[in-house]
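Undergrad: Predicted model and sequence follow; I will ask about them next.
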Amino acid sequence: MAIAFPPAGLVLGGGAVLATALTGAGVGALMSGLYGMNVGNSRLKKFEDAIERGEMLMLVDVPRRRVQEVSDKVQQHHPKAEIEGVEPTIPAFP
């Protein structure tokens, strides 16, 4: 409002507005990152008991066309491994 209405007594130049915007964006990114580190991953909840028992969880992110190839390699080297399957493709920001 002060930028659009100078008679109020406060006139901000472009540099001050830019600095304020960049500072706000930086602090917002920092705070959201700190908050995100403390939020648990809901997709891992079903594996928590197995992890507590000392079992190993391996998540592999591969292109859909290579899923069978990677699954076969894992089974070849670790026959006791349980392949849980493929999750649906969900966009990061719907």
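TA: Structure's in. What do you need?
Undergrad: Tell me the spacing between the closest residue to Thr89 other than its chain neighbours and Gly15.
TA: Closest residue to Thr89 apart from its sequence neighbours, by C-beta to C-beta, 6 or more residues apart in numbering: Arg64 at 7.7 Å. Backbone N, C-alpha and C define where each C-beta goes, glycine included. If you measure Arg64 against Gly15 using C-beta to C-beta, to the nearest Å, the figure is 49 Å.
Undergrad: With Thr89 instead?
TA: Taking C-beta to C-beta, one finds Thr89 at 44 Å from Gly15.
Undergrad: How about Met37?
TA: Note on Met37: its distance to Gly15, by C-beta to C-beta, is 33 Å.
Undergrad: where do the helices sit along the protein?
TA: Secondary structure of the chain (DSSP state H): helices located at 14-37, 48-52, 67-77.
Undergrad: what domains does the record give for the chain?
TA: Partitioning the chain according to automatic domain parsing yields domains covering residues 6-37, 42-77.
Undergrad: Make a markdown table out of those domains and add distance to Ile83.
TA: Formatted as a markdown table, the domains of the chain follow (distance: least, C-beta to C-beta, whole Å):
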| stretch | distance to Ile83 |
| --- | --- |
| domain 6-37 | 29 |
| domain 42-77 | 5 |
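Undergrad: Which of these comes out lowest on mean pLDDT?
TA: Mean pLDDT is lowest for domain 6-37 out of the domains of the chain, coming in at a mean of 82.
Undergrad: residues contacting Ser71?
TA: Contacts here follow C-beta atoms under 8 Å, 6 or more residues apart in numbering; on that basis Ser71 touches Ile83.
Undergrad: Residues contacting stretch 37-47, please?
TA: By C-beta under 8 Å, 6+ apart, the residues outside stretch 37-47 that reach it are 57, 87.
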